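Novice: Dropping a prediction and its sequence here:
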Amino acid sequence: METNNLPSERYTALVKLAAFTATATALLLVVLKIYAWFATDASAMLASATDSILDLFASVMNVVILRFALAPADDEHKFGHGKAESLAGLVQAAFVLGSALLLVFNGVDRVINPQEIVRTEVGIWVSIIAIVMTLLLVLVQKYVIAKTRSVAVSADALHYQSDLLLNFGVLLALFLSQGYWLQADGVFTIGVGVFLLLGASKIIWMSVHQLMDHELTEAELDKIKQIVHAHEGALGLHELRTRQAGQNRFIQFHLELDDGLSLLAAHTIGEAIEAEIIQALAPCEVLIHHDPSSAVSSELANNEKPVD
């Protein structure tokens, strides 16, 4: 997976763009779909409207939580507020799960008790408008995710990707329910609900990984090792530990140096390596502990694993 080496200002601007665009889109879709539900009395349209209402609440909460996640570090939170973004992902997943269960229950009811849909032309036009609006929003979110790898935006995008399927399903159900297959209304609703359940589990997995301080990717770890090994004067490294909170990476390790180096020379080497890592994996914080090579063997003997 590629790293998102974006300046903090750019990252903040992109994430805010995705959050506010999603909120505005969800608000407009809620109004349109509620109108279409009253006009058609279609179960799929009710499910679609309910899903959009949940999306709206989730997007608003996303905006609120991201205000904390994107805030700079302060005296009480010296590592920043990046984990709030993973919390936003969990909240989003909870909304997805609630929406999915609602859709499944509603769909089952309509399969058992199918009803004829009235004024289908209203539902068809609203579904087409919803598809176009949602597609544009998803394209914006995909662009932001590719640049930022934001968990919160990824969770929000899941809502609207499922909405695309839901809107297509509603459109098809409206056609089929006109005397061809009355149960189509409920069947498509159940299908989208199952898709939502699967997607929510993925977002939960991603969020929990970050909250539990999961290591950086193998590619990022290899990059750190390459920088150290390529630097003249560095003999190796061990006790490499990493984690990520929001966009910020935190990296620490023990740098192995020759016993004969002066304190100033060791400091200079460490500063140069730190600067290279920050340039390669920004935004990040790097903490380096300088070890003389003669002390490394005793450290590793105390159940410490070396880093290749």
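Specialist: Arrived safely. Residues are numbered from 1 along each chain as shown.

Novice: Can you check which helix is longest in the chain?
Specialist: Criterion DSSP state H: the longest helix present in the chain is helix 8-40.

Novice: Which strands or helices does that one pack on?
Specialist: For helix 8-40, the helices and strands in contact under the criterion 3 or more C-beta pairs under 8 Å, 6 or more residues apart in numbering; DSSP states H and E are helix 43-69, helix 120-148, helix 151-176. (C-beta placed from N, C-alpha, C; glycine too.)

Novice: and C284, which of those is closest to it?
Specialist: helix 120-148 (14.6 Å; C-beta to C-beta).

Novice: which other helices and strands contact the closest one?
Specialist: On the basis of 3+ C-beta pairs under 8 Å, 6+ apart, helix 120-148 makes packing contacts with helix 8-40, helix 43-69, helix 151-176.

Novice: rewinding a little: ok, which of the helices and strands packed on helix 8-40 comes nearest G89?
Specialist: helix 151-176 (4.2 Å).

Novice: How about that closest one, which residues are buried there?
Specialist: Residues of helix 151-176 classed as buried under the neighbour-count rule (16 or more other C-beta atoms under 10 Å) are 151-164, 166-167, 169-174, 176.

Novice: What score does L166 have for pLDDT?
Specialist: Here the pLDDT value assigned to L166 is 76.

Novice: wait, I meant I288
Specialist: Model confidence at I288, given as pLDDT, is 91.

Novice: Kindly report the same for A94.
Specialist: In this prediction, A94 has a pLDDT value of 81.

Novice: how about the CA coordinates for stretch 262-277, as PDB?
Specialist: Only the C-alpha atoms of stretch 262-277 are listed here, as PDB (Å, rounded to 0.1, in the frame of the first residue of the first chain):
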ATOM      1  CA  SER A 262      32.100  10.900  19.700                       C
ATOM      2  CA  LEU A 263      28.800  12.000  21.200                       C
ATOM      3  CA  LEU A 264      28.600  14.700  18.600                       C
ATOM      4  CA  ALA A 265      29.300  12.300  15.700                       C
ATOM      5  CA  ALA A 266      26.700   9.900  16.900                       C
ATOM      6  CA  HIS A 267      24.200  12.700  17.200                       C
ATOM      7  CA  THR A 268      24.900  13.900  13.700                       C
ATOM      8  CA  ILE A 269      24.400  10.500  12.200                       C
ATOM      9  CA  GLY A 270      21.100  10.100  14.100                       C
ATOM     10  CA  GLU A 271      19.800  13.500  13.000                       C
ATOM     11  CA  ALA A 272      20.600  12.700   9.400                       C
ATOM     12  CA  ILE A 273      18.800   9.400   9.500                       C
ATOM     13  CA  GLU A 274      15.800  10.900  11.300                       C
ATOM     14  CA  ALA A 275      15.600  13.600   8.500                       C
ATOM     15  CA  GLU A 276      15.600  11.000   5.800                       C
ATOM     16  CA  ILE A 277      12.900   8.900   7.400                       C
END
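
Novice: What are the contacting residues of it?
Specialist: With contacts defined as C-beta atoms under 8 Å, 6 or more residues apart in numbering, stretch 262-277 is touched by 224, 227-228, 231, 233-234, 251, 255, 257, 261, 284, 286, 288, 290.

Novice: same question, stretch 16-25
Specialist: By C-beta under 8 Å, 6+ apart, the list of residues contacting stretch 16-25 from outside reads 55-56, 59-60, 62-63, 66, 70, 133-134, 137, 140-141, 144, 150, 152-153, 156-157, 159-160.

Novice: So the residue of the chain most remote from its centre: helix, strand or coil?
Specialist: Relative to the average C-alpha location in the chain, and by C-alpha atoms, centre = their mean, no residue lies farther out than G260, which sits at 47.5 Å. Recorded secondary structure, G260: coil (DSSP: H, G, I helix; E, B strand; the rest coil).

Novice: how far away is it from A295?
Specialist: Distance, G260 to A295, by C-beta to C-beta, to the nearest Å: 13 Å.

Novice: got it, and N248?
Specialist: Applying C-beta to C-beta, one obtains 31 Å for the distance of N248 from A295.

Novice: Look at the two and report which has more neighbours.
Specialist: When N248 is set against A295 and neighbours are counted by other C-beta atoms under 10 Å, the residue ahead is N248, at 19 against 12.

Novice: Look at the residue nearest to M45 when sequence neighbours are not counted and say how many residues are nearby.
Specialist: Ranked by C-beta to C-beta, 6 or more residues apart in numbering and with sequence neighbours excluded, the top spatial neighbour of M45 is W37, at 4.5 Å. Residues within reach of W37, counting by other C-beta under 10 Å, total 21.

Novice: Identify the residues contacting W37.
Specialist: When contacts are counted by C-beta under 8 Å, 6+ apart, W37 is found next to M45, L46, S48, A49.

Novice: and it, how far is that from V126?
Specialist: Counting by C-beta to C-beta, the gap between W37 and V126 amounts to 9 Å.
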